[in-house]
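In: Only the shape, not the letters, is given here:
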Ligand SMILES: Nc1ncnc2c1ncn2[C@@H]1O[C@H](COP(=O)(O)OP(=O)(O)OP(=O)(O)O)[C@@H](O)[C@H]1O
């Protein structure tokens, strides 16, 4: 499409796409309003005719084209209009250039649209009433205005219900006024449609909007459901990629909620076993008496309550992968049986006399320092070496601060009610970035969900909706009580149960038995819930749990 690029003091301030006809002048009704007293209210019109674009003067004094003033003239590619203190350069689009062989050689081609015609990824920044916020811009663009059904809702009283659209075309972003009452201004000029160059500020009423390029790394495709732009995580992905097709035993180390299970799933998905089952077993969530039968199965009548034969996780995972989460919690007496499964590829159901061959690949994970467990005599050294052929270390979220923003955006987009586009305020994102995330990505995910509950009516999430599920150093009963009230309101029964267990773990410094007594539930239920909801570190301080802190 042909366009006019407007310059002032040598600086290109806006580009306007030329459709059938545009009027340029001082009057607000013009398609391009230039605030210059040297111009007439309607200075000139540029219109398309069968043979090409024409400039038609409307001032009666002539409009300067190149060196002389004209009443009417065809426009050639590169023609220069002088409009008071403004200069406008006429440029043909690629389609018109192809039609016009006369001009083909003389034409200075516009830079090709990046990425084969796809407008570059950008975020739309909006400043209103002293607050700045940031919206992701869908590939098809966004409607902006005061009505609640716009993609970006403005609160400024001088904005129209449907004020403008930001839309892509020909690999570039454009702003189009939707017939607003007070107009859409770009660099001080009222426009009906203009290209939105990086850094150019659009004014709609008192609101200011501009585009901010999104660094490609932010949009790096997720690796098997894991998004990250951190170098250490890229190394984890690379290692997973290389080790997945092999049979090497992998143990994944990392604090709770860092994404160890996702790494294990990635190892499975990228292996030759991807079509066979992936069976996760959380060794800390199963009562000690049941782990053996959970892992290896049992024969009918093997113990009281075993009223039928049960296949264990190893058999279920035959041909696939068994994921032993929290391997550091595996009781010592079961460790030789696991070693046997690893070394001989066979398991024996509880109560069985003969072993069964299994071909499950083992991937283990732990938030503990397994070496320290070995030194403390809680973990067999031979099993340690057999499991940790390839150790994979997943860094905590606080060691990859550049991941917080994109993950917060991703979780918000996933958790937002269908059809509702929500945005973080810049202040909320800054608050998220400043936090140290003892519960890692899982805690960030929960924080985003809570922020959705507390966001109020608006589409922009304020910093006040960001509350941290963390009482380190608080020690004030009032604060704890306030948190409880906040969390219970509007939560599901499951969320309330989770909260009750979490707070009890804190009160009892992580002692499971004390929690069971306080809440009058079985310890096995406490263990199960802890595993299910990733509460392992609750009440025990941030990070890896110190050795010797298990009470029971
Ligand atoms: N890089 C990531 N991108 C997107 N989601 C992630 C990422 N890392 C973790 N998550 C999400 O965070 C939550 C916790 O991840 P996961 O269960 O894999 O952690 P974990 O380290 O195994 O935790 P635990 O030690 O408590 O079992 C999950 O909901 C997971 O989907």
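Out: Noted; the coordinates are in hand. Keep in mind that this is a model prediction, so the values were computed, not measured. Numbering: from 1, shown residues only.

In: only C-alpha atoms for contact and neighbour calcs from this point on.
Out: OK.

In: Wait, residue 284 touches residue 329, no?
Out: Yes - taking contacts as C-alpha atoms under 8 Å, residue 284 lies within contact range of residue 329: 5.6 Å.

In: These two: which has the busier surroundings?
Out: In this view residue 284 and residue 329 are compared by other C-alpha atoms under 10 Å, and residue 284 has more residues nearby, 24 against 18.

In: need the residues of the protein near the ligand, please.
Out: Residues of the chain found near the ligand, taking C-alpha under 6 Å from any ligand atom as the criterion, are 225-228, 256-262, 367, 441-442, 534.

In: Which residues does stretch 523-531 contact?
Out: Where contact means C-alpha atoms under 8 Å, 6 or more residues apart in numbering, the residues beyond stretch 523-531 that reach it are 282, 284-287, 498, 501, 512-513, 515-516, 535-536.

In: which of the residues of the chain next to the ligand tops the neighbour count?
Out: Going through the residues of the chain next to the ligand with other C-alpha under 10 Å as the criterion, the one with the most neighbours is residue 256, at 26 neighbours.

In: thought that residue was touching residue 440?
Out: Yes - in this structure residue 256 lies within contact range of residue 440 using C-alpha under 8 Å: 6.9 Å.

In: ok, back up a step: what's the closest of the contacts of stretch 523-531 to residue 153?
Out: Among these, residue 498 lies closest to residue 153 (C-alpha to C-alpha), at 35.5 Å.

In: Can you tell me whether I have it right that that closest one is in a helix?
Out: Yes - using DSSP: H, G, I helix; E, B strand; the rest coil, the secondary structure at residue 498 is a helix.

In: picking that back up, narrow the contacts of stretch 523-531 to those in strands?
Out: residue 282 (DSSP state E).

In: which one is the residue in the stretch 351-500 of the chain that the ligand sits nearest to nearest to, not counting chain neighbours?
Out: Taking C-alpha to the nearest ligand atom as the measure, the point where the stretch 351-500 of the chain comes nearest the ligand is residue 442, at 3.9 Å. In space, residue 442 comes closest to residue 257 once its chain neighbours are excluded; the distance is 4.7 Å by C-alpha to C-alpha, 6 or more residues apart in numbering.

In: Show me the shaky parts of the chain.
Out: Per-residue confidence of the chain (counting by pLDDT under 70) places the weak regions at 94-117, 198, 214-221, 419, 470-492, 540-552.

In: Please spell out which residues along stretch 373-386 are buried.
Out: Using 16 or more other C-alpha atoms under 10 Å as the test for burial, stretch 373-386 gives 373, 374, 378, 379, 380, 383, 384, 386.

In: could you pull out the helices for the stretch 1-150 of the chain?
Out: For the stretch 1-150 of the chain, the helices identified by DSSP state H, counting those that start in this stretch occupy 94-99, in order along the chain.

In: and residue 428, how far is that from residue 397?
Out: Relative to residue 397, residue 428 is positioned 18 Å away (criterion: C-alpha to C-alpha, to the nearest Å).

In: One more: residue 58?
Out: If you measure residue 58 against residue 397 using C-alpha to C-alpha, the figure is 63 Å.

In: Likewise for residue 496?
Out: Using C-alpha to C-alpha, one gets 26 Å for the distance from residue 496 to residue 397.

In: again, but for residue 439
Out: As judged by C-alpha to C-alpha, residue 439 and residue 397 stand 9 Å apart.

In: same deal with residue 331?
Out: From residue 331 over to residue 397 the distance is 30 Å, taken as C-alpha to C-alpha.

In: Could you do residue 287 as well?
Out: Residue 287 sits at a distance of 30 Å from residue 397 (criterion: C-alpha to C-alpha).

In: What of residue 10?
Out: Per C-alpha to C-alpha, residue 10 is found 47 Å from residue 397.

In: who has more neighbours, these two?
Out: Shown here are residue 10 and residue 397; by other C-alpha under 10 Å, residue 397 has more neighbours (25 against 9).

In: other SSEs contacting the stretch of helix or strand residue 382 belongs to?
Out: Using DSSP states H and E, the secondary-structure element containing residue 382 is helix 381-387. Applying 3 or more C-alpha pairs under 8 Å, 6 or more residues apart in numbering; DSSP states H and E, one finds that helix 381-387 makes contact with helix 335-344, strand 361-366, helix 370-375.

In: Who are the packing partners of the helix or strand following the first one?
Out: Counting by DSSP H and E, the element after helix 335-344 in chain order, helix or strand, is strand 346-347. Under the contact criterion of 3+ C-alpha pairs under 8 Å, 6+ apart, the helices and strands touching strand 346-347 comprise helix 335-344, strand 356-357.

In: Report how many residues lie close to residue 517.
Out: By the measure other C-alpha under 10 Å, the count of residues near residue 517 is 11.

In: now residue 410
Out: Neighbour count of residue 410, defined by other C-alpha under 10 Å: 14.

In: How about residue 59?
Out: What residue 59 shows, counting by other C-alpha under 10 Å, is a neighbour count of 15.

In: thinking again about what came up before, anything in contact with each of residue 439 and residue 397?
Out: With contacts defined as C-alpha under 8 Å, 6+ apart, the residues adjacent to both residue 439 and residue 397 are residue 258.
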